[in-house]
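> Would you be able to build a 3D model of this:
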Amino acid sequence: MADDDKRLAAEAAVGEVRDGMLVGLGTGSTVAFLIAALGERVRDGLRIEAVSTSIASARAAEALGIIVHDFAGVARVDLTIDGADEIDAQLRAIKGAGGAMLREKVVAAASDRMVVIADGTKRVNAIGAAKLPVEVLPFARSFVAARLEALGAAVGLREGGTDNGNLILDARFGRIDDARALAAAIDAIPGALGHGLFLREVDAAYVADAGVVTRIERDQRPR
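Okay, the predicted model is just below:
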């Protein structure tokens, strides 16, 4: 079951959390298992505080007794743990199914270490099958959509917006052979505020497949 693997990956990653850490909490269904596991450890005496990439994750953590700070007053995070929609062997990922990719990227950039947790269906040979979300200034919606289409994407407007009050355009590119060039091209579009390509942010991943958890470290072999 995918949920069992999500839980196993989350529980394995919790082993990286130490007393006194400021922990970045990601967003999504796999992170829900992480927050539950952290809540149990906090009840058992673990002393941590957190920042969150979404309102939903912050509320879930606070409900379990985890102190959550407003990231606006934070410049550095010890460890961030988050999910992914796709991740390859080089730890390049697509994120943002939960709509929090811009906040997730900011928190990742502030973190000494970022860990992804995922079930085996998220591990791919090449990223690109998943929709690539782009957070967009509402004023620039049609302009940004046209620019993404010019880059080769099929573009759709996602229902609802982000916690930042912006829109999300889901761009389907298919297999992405030059992710760095694509990221740079999207970054250069005025009105495109952020996107779900995480190419150097992820330091490690815990991937659970059929009950077996594999840890992948950047520039090292899986173990």
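> tell me the domain ranges of the chain?
2-124+199-213, 132-193 (automatic domain parsing).
> who wins for proximity to Asp219 among those domains?
domain 2-124+199-213 (8.9 Å; C-beta to C-beta). C-beta here means a position set from N, CA and C on the backbone, and glycine is covered the same way.
> Could you check how far the host helix or strand of Ala61 is from the centre of its chain?
Counting by DSSP states H and E, the secondary-structure element that holds Ala61 is helix 55-63. Taking the mean C-alpha point of helix 55-63 and that of its whole chain, the gap between them comes to 16 Å (C-alpha atoms, centre = their mean, to the nearest Å).
> Would you mind finding the most buried of the domains of the chain?
For these, the stretch with the most neighbours on average is domain 2-124+199-213, a mean of 20; neighbours defined as mean count of other C-beta atoms under 10 Å.
> Next, the distance between the ends of that domain.
End-to-end distance of domain 2-124+199-213: 13 Å, with C-alpha to C-alpha, to the nearest Å as the criterion.
> which stretches of this structure form strands?
Listed in chain order, the strands of the chain (DSSP state E) span 22-25, 49-52, 67-69, 77-82, 86-87, 93-94, 111-119, 132-136, 154-157, 167-172, 192-195, 197-198, 204-209, 212-217.
> need those in CSV with distance to Lys6, can you?
Below are the strands of the chain laid out as CSV (distance: least, C-beta to C-beta, whole Å):
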stretch, distance to Lys6
strand 22-25, 15
strand 49-52, 18
strand 67-69, 22
strand 77-82, 12
strand 86-87, 14
strand 93-94, 16
strand 111-119, 5
strand 132-136, 20
strand 154-157, 26
strand 167-172, 22
strand 192-195, 24
strand 197-198, 19
strand 204-209, 7
strand 212-217, 11
